[in-house]
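>>> sequence and predicted model, in that order:
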Amino acid sequence: MAREHYGEHHRQISEGWIRASIFGISDGLVTNISFILGFAGANPGHNVVRLAGVAALIAGGFSMGSGEYLSMRAQKELYEYEIDVERRALEEFPVAEQQELRDLFVSRGIDEELADRLSTDLMRDPDLALRTHTREELGVDPSATGAPWPAAISSLGSFAIGALIPLLPWLLTSSGNPILWSLILGAIASAAVGASIGWFTKRGTIRWAFRQLVVTSLAAGVTFGIGRLVGTH
Ligand SMILES: [Zn+2]
């Protein structure tokens with residue numbers, strides 16, 4: 001039973017990762033399409049828009065990555081501190097801790113005799129005891145308190161992927177109509193991101209694709225308008 005629980009925990013974490021990456025891509029996409037169109041609205045020339053888009057990609061990516069790192073690190077250290085408190089409590093007050101576990105089982109509907117036996121058994125193995133206590137009291141497994149570095153890198157990476165999509169026409173060509181291509185690529189990517197969110201939340205892929213498209217268009221439209229106004233004055 002313990003092992004089953006353990007596996008489930010990890011599966012949820014990996015699913016959470018994919019979800020976080022999709023939101024990261026969405027962040028990068030909305031940020032940079034607005035940024036690029038805001039600049040393009042003022043018509044400052046191809047090179048300026050391209051430079052602005054590259055700067056926004058780098059600045060946004062590092063901001064997302066460092067933010068993720070710091071918040072994960074803080075959460076991990078807090079968990080580790082609390083796990084340490086629990087570890088000491090188990091060493092110093094084993095009887096009280098066993099009773100705590102027993103009461104918890106009883107409160108979940110296990111009859112007293114069985115709860116007594118279960119909690120006594122669990123307390124015999126220090127590792128299992130710690131895992132059970134921290135999972136019940138903190139909702140976290142001592143071996144899975146979060147990984148700040150991978151989280152930071154994936155956050156930076158997913159933002160950069162999203163930010164790169166509307167920037168591609170500005171990087172690849174210097175003629176033609178890069179604004180139009182930014183919009184076309186941005187719209188396709190938005191719909192794809194929205195559909196993935198819909199698929200994850202099981203709330204309808206088409207509705208979510210449309211929703212994301214509206215949000216992205218709104219952001220891009222507003223900044224383009226502001227760019228036009230401010231740029232021509
Ligand atoms: Zn405890």
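Thanks, I have it. These numbers were taken from a predicted model, which means no experiment stands behind them.
>>> could you use CA atoms for every contact and neighbour count after this?
Fine.
>>> which SSE is immediately downstream of the worst-scoring helix or strand of the chain on mean pLDDT?
Lowest on mean pLDDT, DSSP states H and E among the helices and strands of the chain sits helix 2-41, with a mean of 77. Proceeding N to C from helix 2-41, the next assigned helix or strand is helix 46-92, under DSSP states H and E.
>>> state the mean pLDDT of that next one.
Helix 46-92 shows a mean pLDDT of 95.
>>> what does stretch 212-221 give?
Here the average pLDDT along stretch 212-221 is 93.
>>> which residues sit against that stretch?
V30, I33, S34, F35, L37, G38, G186, A187, S190, A191, V193, G194 (C-alpha atoms under 8 Å, 6 or more residues apart in numbering).
>>> now do T120 against K202, distance only.
Counting by C-alpha to C-alpha, to the nearest Å, the gap from T120 to K202 is 42 Å.
>>> who's more crowded, the two?
The neighbour count for T120 versus K202, taken as other C-alpha atoms under 10 Å, is higher for T120 (17 against 11).
>>> buried residues in the helix or strand encompassing that one?
Using DSSP H and E, T120 falls within helix 112-124. By 16 or more other C-alpha atoms under 10 Å, the buried positions in helix 112-124 come out as A115, D116, L118, S119, T120, L122, M123.
>>> which strands or helices does it pack on?
helix 94-107, helix 126-138 (3 or more C-alpha pairs under 8 Å, 6 or more residues apart in numbering; DSSP states H and E).
>>> right, I'll call it a day here.
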